[in-house]
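> Dropping the sequence and predicted coords here.
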Amino acid sequence: MSEPSHPTAAPQDLGREALTLGVSPNTGDVGKPRSLWSDAWHDLRRNPTFIVSALLILFLIVVAVVPSLFTGTDPKFCDLAHSNETSAPGHPFGFNRQGCDIYARVIYGARASVMVGVLVTSGVVLIGGVIGALAAFYGGAIDAVLSRITDTFFAIPLLLGAIVFLQAFPFRNIWTVVAAIMILGWPTVARIMRGAVISVKESDFVTAARALGASDMRILRRHILPNSIAPVIVVATISLGLFIVLEATLSFLGIGLPSSTVSWGSDINDAQSSLRSAPHVLLYPSVALSITVLAFMLLGDAVRDALDPKLR
Amino acid sequence: MAASRPDEPVLEVRGLVKHFPLTKGILFKKQVGAVQAVDGIDLKLYKGETLGVVGESGCGKSTTARLLMRLERPTAGQILFHGEDIAQLSGKALKAVRRNIQIVLQDPYSSLNPRMTVGDIVAEPFEIHKDVAPKGSRRKLVQELLEVVGLNPEHIHRYPHQFSGGQRQRIGIARGLALRPEIIVCDEPVSALDVSVQAQVINLFEKLQDELGLSYVFIAHDLSVVRHISDRVAVMYLGKVVETGDEEQIYERPTHPYTQALLSAVPVPDPSLRGHRDQIMLEGDVPSPANPPSGCRFRTRCWKAQDVCSVEEPELIVREGLDHPSACHFASIREVISTIDVS
Amino acid sequence: MTQDTINTTSSADSVRGSEDPNAPVLEVENLHVEFRTRDGVARAVNGVSFDLLPGETLAILGESGSGKSVTAQAIMGILDTPPGFVTQGSVRFRGTELLTLPEKERRRYRGEKIAMIFQDALSSLNPVYSVGYQIGEMFRVHRGASRADAKKKAIELMDRVHIPAARQRVTDFPHQFSGGMRQRIMIAIALSLDPEIIIADEPTTALDVTVQAQVMQLLADLQAESKMGLILITHDLGVVADVADKISVMYAGSLIEQAPSIDLYSNPAHPYTERLLAAIPRVDLKGQELYTIKGIPPNLTDIPAGCAFHPRCPYAQKPICFEQVPPLQDVSSGRRSACHFWKETLDGSIQTR
């Protein structure tokens, strides 16, 4: 092989070191800082599904927090004289069997659903997340024990288990309902978190952190959790919708929220008896429930697509 | 290249062993065997010098890297850092040692936390070892480190995925340098890079060694790269070191059959050598490390194997008439490649 | 069925023997491939032309992002469409245009006339079927052979690629073989229908160097036996030096130099080739200094104007290299270079700017 003809004088604007190190003024021109979260946000902003569902949910939250903005009518004021009437001036949705204003009940019912959804989801992510992360991180006997516990709770059918759980209490309020759903809903999140942590645990950057002498706590907090939270977020967003349906189901069965609390589920329950004669009584709470759940499902889908690195 | 070598190695490995147990059973695990990943190796690293460790897959070099970094605990043997054994250390003592021995990993795409900025990644060593640098000075130190490895210090707020593979590897090197270690263990640091970028990073390693007096354990499968950067070389096969010596001895006067076969298989970018090279073709596959051959582990593929090879394991010693240690009963020099000196 | 298979093979042989040895078996002309992504259009292949004579070994050399694998996929017709589209050009096998063929026709060429082997045998082989089944699949699908006959052919092929104890191992699964053995199985599958061309995409990159030597030797032996053409796609200048007759160097989707092996290494006619050769460490050199190429290969959605290599080229001159795309010019018989200053590169008189 002949010697390649190297210039003995290096190119003018680069020192010889630059020639051998490959550095140039333009190397590393990488643009503005973009984290994976801001990339995901950037994608979400352009996704019509996300925009629609996010706006819907925002609207829902406002309705839940300040229902009085939307209606002046008292949802608990019922006049039998108006029983099962269809819409009248000032009462766009009409009246139910007891003569309560359906529109007001739909508005005030949002609060119960949103509260249950948010509380349960937060609890489930906290409990399931911690258990799943610890099981995966420490492995061995700890993993064996925690996973078996997870599997046991996982095996209990959600609705049936909730019913049995709630029967144990002589009283009914929102906290028992939240607890019932939470206790049976955490295994899903635990499994997802466990899977995510197991795959992140073996990454080179975790090895590098250990090589630096990082403590277990630091590795979990700084390296493992931020990289395994994405699938959990997706599952949580989608599950939120399911939890709301579950509460409505329990209320429908008569063992969920007490009748003193306005809820879509119990309204749907009450509407059964007048299904043929006054279908509008069933229609409005059902539609409200469906739209709410759909909004959360769509949000979950959009978030999942945005956070999925493989789709980049 | 290294200056005159002081007598004491800065890092020495004696009889290092790592066996990974193979277990059966779900609840009550019973050990049925072991993967003998590293089975009694000796190494020496001197200050300011690069020790290249070469071998093919399954030879145990990656496990050796992890053992040196104490990411695994050795089953037996000693790792002496300035004469002090770190093989069984734990807790605070081990953490203190980490300031002196650091690592650079192979894959630039997974060795940096994608959710952290480059600045945070390089600053992390300072957060873990708080006494090395006071909080106020850390940002400046990070920027200096980025400059030293040839990156723009203004990019400390960027994220890893905004950089190329070669640049990410430099970030990994900057992180490894932060605590001013004496020794850096490099585990295949350029294997995942494009050819034109490899040269940049190799040159960077050499520059840093000259300027900062670093000692490297350079683990790689690419013999051309190892020759270029190493002062001394150890050749590994199936958990053992089969030959060790300085770069000239190993590449110009190899004595162990495996080393000779390995060298003959390295492709050389020179078509005029076609048909003129000493080609040694090895038969068969590498045996399983869970069930290595008795005696000399290389005997199942060796053209020189005799009965004694299956009975007596050859020691890594300097044999008669040779100038560097070789683990073969029939070690003899065979000049497999003809070296041209272009220095 | 076995008779049939044997007959087909020998008739193919006689057909092959009567072909004009100087007519190219594969001609690629002005091939353009685009990838339409949401970040823009990536011009992965920009006007690549080459041909392959029977029994010849052509190496397509390039780093990541050079477009070499995409070229192979376009030839085989296995490009992911969308997002990849062949926007221009022609690929002719013994005169028959392949790009315009309907898929059913195309499939007759794929595997039978042109076969491909990939880098990672573990992910290219189906883990739930035995290797015998997978090798035999070629016969069952293309030749209508029975299972028993297909199995017999599979054992024959495994012998041909030197897999020991083929008869016993034909029912084993891919994970039970080592990396080198798996690669041989892929070669066996590729060989099964006696193709005229094998395209090997980084066949040994994932293998140890001693295994790599074995596999490359096997390919060379098989090629000599059956006068097969071989297109070797790789980034490894060492492997190429050992086996290639002629080399096409690709950069940013374009072919920038083409030459017989000996000439390319001893006397490159393009700065990229020259710089690349200066950047690789060689096992037979002592005291070598590595000269690097500054910067990184360009993003294919944003290829620099003029010569794609000019931002990294130490010899780039304003304005010509910055503005005009250098055409692929004839350097001598069998040699071409896409550089405005190929003459100066060739005789060593080229100046840094």
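Great, that's in hand.
> Bridge partners for the residue nearest to residue C:97 when sequence neighbours are not counted, pull those for me.
Excluding the flanking residues, the one nearest residue C:97 by C-beta to C-beta, 6 or more residues apart in numbering or on different chains is residue C:90, at 5.8 Å. In this view, the C-beta of every residue, glycine as well, is placed from N, C-alpha and C. In this structure, residue C:90 bridges to residue C:29 when assessed by DSSP bridges.
> From chain B, how far off is residue C:90?
Noted for residue C:90: a distance of 31 Å to chain B, by C-beta to the nearest C-beta, to the nearest Å.
> Quick check, that residue in contact with residue C:32.
No. Using C-beta atoms under 8 Å, residue C:90 makes no contact with residue C:32, being 10.6 Å away.
> Tell me the helix or strand right after the helix or strand where residue C:107 lies.
Using DSSP states H and E, residue C:107 sits within helix C:103-109. Downstream of helix C:103-109, the first helix or strand assigned by DSSP H and E is strand C:114-117.
> Restricting to C-alpha, output that following strand in CSV.
The C-alpha trace of strand C:114-117 is given here as CSV (Å, rounded to 0.1, in the frame of the first residue of the first chain):
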residue,chain,number,x,y,z
ILE,C,114,-31.0,-13.7,-6.8
ALA,C,115,-30.7,-14.7,-3.2
MET,C,116,-29.8,-12.6,-0.2
ILE,C,117,-28.1,-13.3,3.2
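> hmm, whatever helix or strand comes next after that strand touching chain A?
Counting by DSSP H and E, the next helix or strand C-terminal to strand C:114-117 is helix C:121-124. No. Judged by C-beta under 8 Å from any C-beta of the partner chain, helix C:121-124 stays clear of chain A, getting no closer than 15.8 Å.
> list the helices and strands helix C:121-124 packs on?
helix C:179-191 (3 or more C-beta pairs under 8 Å, 6 or more residues apart in numbering or on different chains; DSSP states H and E).
> who touches the helix it packs on?
B:57, B:285, C:115-118, C:121-122, C:124-125, C:131, C:134-135, C:137-138, C:154, C:157-158, C:160-163, C:174, C:177, C:198, C:203-204, C:206-208, C:211, C:214-215, C:218-219, C:222 (C-beta atoms under 8 Å, 6 or more residues apart in numbering or on different chains).
> Pull out the buried members of those.
Neighbour-count burial (16 or more other C-beta atoms under 10 Å in any protein chain shown) applied to these gives B:285, C:115-118, C:121, C:124-125, C:131, C:134-135, C:137-138, C:154, C:157-158, C:160-161, C:163, C:174, C:177, C:198, C:203-204, C:206-208, C:211, C:214-215, C:218-219, C:222.
> Return the residues of the stretch 51-200 of chain A in contact with chain B.
Counting by C-beta under 8 Å from any C-beta, no residue of the stretch 51-200 of chain A lies close to chain B.
> so what's residue B:281 scoring on pLDDT?
Predicted confidence (pLDDT) for residue B:281: 85.
> try residue C:10
Residue C:10 is given a pLDDT of 40.
> again, but for the one 3 residues further on
As predicted, residue C:13 sits at a pLDDT of 42.
> show me where pLDDT drops low in chain C?
C:1-21, C:353 (pLDDT under 70).
> Residue B:263 - that's part of a helix, no?
Yes. Counting by DSSP: H, G, I helix; E, B strand; the rest coil, residue B:263 is located in a helix.
> Just give the number of residues close to it.
Other residues within reach of residue B:263, judged by other C-beta atoms under 10 Å in any protein chain shown, total 26.
> Spatially, what comes nearest to it if we skip its sequence neighbours?
residue B:336 (4.3 Å).
> what does the stretch 1-150 of chain B put close to chain A?
B:69, B:71, B:94-95, B:98-99, B:102-103, B:105-107, B:110-117, B:124-125, B:128-129, B:150.
> returning to that earlier point: for the residue nearest to residue B:263, what are its contacts?
So residue B:336 contacts B:254, B:260, B:263, B:264, B:278, B:280 (C-beta under 8 Å, 6+ apart).
> quick revisit: just checking, what packs against the helix holding residue C:107?
Using 3+ C-beta pairs under 8 Å, 6+ apart, helix C:103-109 sits against no helix or strand.
> Swap in 10 Å and give it another go.
Judged by 3 or more C-beta pairs under 10 Å, 6 or more residues apart in numbering or on different chains; DSSP states H and E, helix C:103-109 is in contact with helix C:68-76, helix C:131-142.
> could you dump these to CSV with distance to residue A:36?
Converted to CSV, the helices and strands packed on helix C:103-109 look like this (distance: least, C-beta to C-beta, whole Å):
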stretch, distance to residue A:36
helix C:68-76, 27
helix C:131-142, 39
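> what's the closest of those to chain B?
Chain B lies closest to helix C:68-76 among the helices and strands packed on helix C:103-109, at 12.6 Å (C-beta to the nearest C-beta).
> The closest one and chain B, any residue contact?
No. Using C-beta under 10 Å from any C-beta of the partner chain, helix C:68-76 never reaches chain B; the gap is at least 12.6 Å.
> any idea how far that helix is from the chain center?
Distance, stretch centre to chain centre, for helix C:68-76: 8 Å (C-alpha atoms, centre = their mean, to the nearest Å).
> Let me see the contact set for residue 220.
Since no chain was named, I'll use chain A. A:133, A:134, A:137, A:197, A:201, A:206, A:214, A:228 (C-beta atoms under 10 Å, 6 or more residues apart in numbering or on different chains).
> let's do chain B instead
So residue B:220 contacts B:52-55, B:61, B:106, B:186-191, B:226, B:229-230 (C-beta under 10 Å, 6+ apart).
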